[in-house]
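*Asks:* output the structure for:
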Amino acid sequence: MVDQAEIHRKCISDNFEDRREAVNQLRTNFAILPDKESAWQDLIRLTGDEDSYVRFWAANALGAAFSAVPDK
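*Replies:* All right, here's what the predicted structure looks like:
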């Protein structure tokens, strides 16, 4: 089971490795996360990250996750 609260904690971490792990978890598990609105907001936040890896994969994940977002 994916721990969405832990993913969110990593999204706002000062450690870029935590944010890299978070974006990978969001990207691969978005469809099964219970709070998709919160996950969507985390992805949006990560698109402005200082780390280029995080920005790239967050932007990439937005496209893949769009179909699973409620209230488009």
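
*Asks:* pLDDT score for Lys72?
*Replies:* Confidence at Lys72, expressed as pLDDT, is 59.

*Asks:* what does Arg20 give?
*Replies:* For Arg20, pLDDT reads 98.

*Asks:* what about the helices in this structure?
*Replies:* Secondary structure of the chain (DSSP state H): helices located at 4-11, 16-29, 36-46, 52-65.

*Asks:* any chance of CSV for the ones you listed, columns distance to Asp71 and mean neighbour count?
*Replies:* All C-beta atoms are positioned from the backbone trio N, CA, C, and that covers glycine. Below are these laid out as CSV (distance: least, CB to CB, whole Å; neighbours: other CB atoms under 10 Å):
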stretch, distance to Asp71, mean neighbour count
helix 4-11, 18, 17
helix 16-29, 18, 19
helix 36-46, 8, 18
helix 52-65, 14, 17
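
*Asks:* ok, the closest residue to His8 other than its chain neighbours - contacts?
*Replies:* Of all residues not flanking His8 in the chain, Asp42 sits nearest, at 5.9 Å (CB to CB, 6 or more residues apart in numbering). Contact analysis of Asp42 by CB atoms under 8 Å, 6 or more residues apart in numbering lists 7-8, 11, 22, 26.

*Asks:* for the nearest residue to Leu46 once chain neighbours are set aside, give me its contacts.
*Replies:* Nearest residue to Leu46, sequence neighbours excluded (CB to CB, 6+ apart): Ala58, at 3.6 Å. Listed by CB under 8 Å, 6+ apart, the contact set of Ala58 reads 23, 26, 43-44, 46-47, 49.

*Asks:* state the distance from Ala58 to Asp42.
*Replies:* Separation of Ala58 from Asp42 (CB to CB, to the nearest Å): 9 Å.
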